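Trainee: build me a model from this:
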Amino acid sequence: MYDPAVLRGPGYINLSGGSLLNQHVVNLSFMTWPLPNLAIVPAVKIEYQDLDGASLFQPFNPGVVSGSNLGGIIIPDPDATGYVSTDTSRQQTTVAPRLEVRYTGITNWLFYTRGEWQVDDGVLREQSRPIDANVLSSPAETDFRRDTDYQGLLQKYSAGANWYPTRKVSLAAQYYYQARSRHYDHGLDSTLNDASSFNRYPAYLRANDSFTHDANIRLTWRPLPNLTSVTRYDYQISTVETRADLLATVESAELNTHIISQSLTWSPLDRLYLQGSINYVLDETETPVNGSSFTPGLVQEAENDYWFATVGAGYALGKKTDVLADYSYYRSDNYDAGNYQVSVPYGAGAREHTVAAGLVHRINRNLRCSVRYAYFRSEDETSGGHNNFDAHVVSAGMQYGF
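Mentor: Sure, this is the predicted structure:
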């Protein structure tokens with residue numbers, strides 16, 4: 001939930017809240033062979049989401065008049081004990097058709113082309129308001145409402161080939177182009193978007209479009225019957241175009257990304273498998289402002305390099321029951337706090353750990369159920385550690401296949 005009171009001070013305390021998501025998903029697909037070596041696979045996914053959320057927090061320094069500033073240290077007013085409540089609701093319908101064509105008429109080769117589309121239609125409503133008189137801000141700073149209808153369209157076109165020169169080695173190459181567009185119609189917006197307003201978000205953007213070109217290669221090697229290695233490299237270049245309310249469309253960002261990944265899967269026993277993977281990503285975002293000589297240092301190039309590693313294991317307790325365990329680690333080290341005297345420092349900086357264990361039981365051919373426990377630990381450098389958290393998550397699910 002966006003909070004428009006930018007003059008409130010350092011932030012908030014005593015935050016609590018929750019959300020409820022109802023999700024309905026239908027997947028349909030089938031395969032047909034008009035020729036012996038030609039397969040056509042049409043599919044469609046239909047999804048509906050209904051999300052409701054609410055939160056409650058206490059502004060740490062509600063408004064510049066509620067505290068005193070001593071040498072750059074803001075002392076909150078002890079009388080400013082009021083709370084602000086927020087409410088959010090979002091409903092979205094998604095229709096995502098897909099069409100794939102495969103050709104296997106050349107020995108040891110597979111060629112394919114694929115088209116994917118996704119249409120989103122949704123509505124987002126948000127509001128915040130003080131719930132007692134001790135919030136020492138003006139109503140314009142604490143009361144906020146927005147009602148936004150939005151439409152999204154995604155188009156992705158892929159073409160690739162797989163080559164199997166030996167039983168132990170296969171090579172794959174792929175190219176895809178993806179275009180994503182979102183358009184917003186703000187039926188209600190309590191923050192002005194004209195030149196007189198110094199705080200126009202969040203109901204400010206009218207359109208946001210992105211375009212991505214991706215080329216990737218993959219090597220799969222099986223040195224042993226029970227050991228598989230997969231190495232992959234991706235190169236992506238993306239551009240983002242943005243149109244804000246009352247302004248013209250501009251190219252707001254260009255992203256260059258290199259992705260290197262390696263995974264190993266080993267099955268020392270019929271009932272046991274071990275798996276590990278590591279991904280290293282070099283990601284840089286450039287904007288028109290970060291290269292401007294008129295505003296040096298105002299906006300940095302956003303470096304978002306990171307690496308992500310996982311290890312996992314699965315063991316079959318019986319014909320119908322499996323036990324699973326995994327650990328993952330994420331690390332990004334790009335945050336440059338030295339720019340704080342000029343502007344907001346950019347760049348990702350975080351460390352995350354996840355440990356999880358679960359059980360899967362197949363009741364019959366079509367029905368299976370699962371239960372999973374996970375522990376999360378997150379350390380965020382960009383907030384000075386104030387957004388660090390530990391979390392325990394218990395989930396259960398049931399899946400029925402037709």
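Trainee: give me the neighbour count for V25.
Mentor: Burial of V25 is recorded as 10 neighbouring residues (other C-beta atoms under 10 Å). The C-beta positions use only the backbone N, C-alpha and C, and glycine is treated the same way.
Trainee: in the stretch 151-300 of the chain, where is pLDDT below threshold?
Mentor: Applying pLDDT under 70 to the stretch 151-300 of the chain flags residues 195, 197-199, 290-298.
Trainee: can you show me the strands along it?
Mentor: 169-189, 205-224, 227-244, 250-269, 272-286 (DSSP state E, counting those that start in this stretch).
Trainee: out of the ones you listed, nearest to L28?
Mentor: strand 169-189 (22.9 Å; C-beta to C-beta).
Trainee: buried residues in that closest one?
Mentor: S170, A172, Q174, Y176, Q178, R180, R182, Y184, H186, D189 (16 or more other C-beta atoms under 10 Å).
Trainee: so which of those residues is the closest to D234?
Mentor: Q174 (9.1 Å).
Trainee: tell me what the closest one is bridged to.
Mentor: G160, N216 (DSSP bridges).
Trainee: again with the one 4 residues further on
Mentor: Counting by DSSP bridges, Q178 is bridged to K156, T212.
Trainee: how far away is it from S158?
Mentor: Per C-beta to C-beta, to the nearest Å, Q178 is found 9 Å from S158.
Trainee: got it, and R200?
Mentor: Taking C-beta to C-beta, one finds R200 at 38 Å from S158.
Trainee: swap in T265?
Mentor: Counting by C-beta to C-beta - T265 and S158 are separated by 25 Å.
Trainee: just Q127 next, same as before
Mentor: 42 Å.
Trainee: also T32?
Mentor: Taking C-beta to C-beta, one finds T32 at 20 Å from S158.
Trainee: again, but for R146
Mentor: Applying C-beta to C-beta to R146 and S158 gives a distance of 37 Å.
Trainee: compare these two (neighbour count), which wins?
Mentor: Between R146 and S158, counted using other C-beta under 10 Å, R146 has the larger neighbour count: 22 against 16.
Trainee: quick one: contacts for the more buried one?
Mentor: Residues in contact with R146 (C-beta atoms under 8 Å, 6 or more residues apart in numbering) are L124, R125, E126, Q127, H186, L188, D189, S190, T191, P202, A203.
Trainee: is the third one in a bridge, and if so with what?
Mentor: On the basis of DSSP bridges, E126 takes part in beta bridges with T88, R146.
Trainee: show the average pLDDT along stretch 345-356.
Mentor: Taken as a whole, stretch 345-356 has a mean pLDDT of 89.
Trainee: that one: how far from the chain's middle?
Mentor: With C-alpha atoms, centre = their mean, to the nearest Å as the basis, stretch 345-356 stands 14 Å off its chain's centre.
Trainee: just the buried residues of it, please?
Mentor: Here stretch 345-356 shows P345, Y346, G347, A348, G349, A350, E352, T354, A356 as buried, counting by 16+ other C-beta under 10 Å.
Trainee: now swap in stretch 356-366 and tell me
Mentor: Buried positions in stretch 356-366, judged by neighbour count with 16+ other C-beta under 10 Å: A356, G358, V360, R362.
Trainee: for A203, see how far away the third one is.
Mentor: Spatial separation of V360 from A203 under the definition C-beta to C-beta is 44 Å.
Trainee: what does the first one give?
Mentor: Plainly put, A356 is 38 Å away from A203 if you go by C-beta to C-beta.
Trainee: where do the helices of the stretch 51-200 of the chain begin and end?
Mentor: All helices of the stretch 51-200 of the chain, identified by DSSP state H, counting those that start in this stretch, fall at 139-142.
Trainee: how about the closest residue to T242 other than its chain neighbours, what does it touch?
Mentor: Using C-beta to C-beta, 6 or more residues apart in numbering and skipping the chain neighbours, the partner closest in space to T242 is S252 (4.1 Å). Applying C-beta under 8 Å, 6+ apart to S252 gives the contacts V240, E241, T242, T287, P288.
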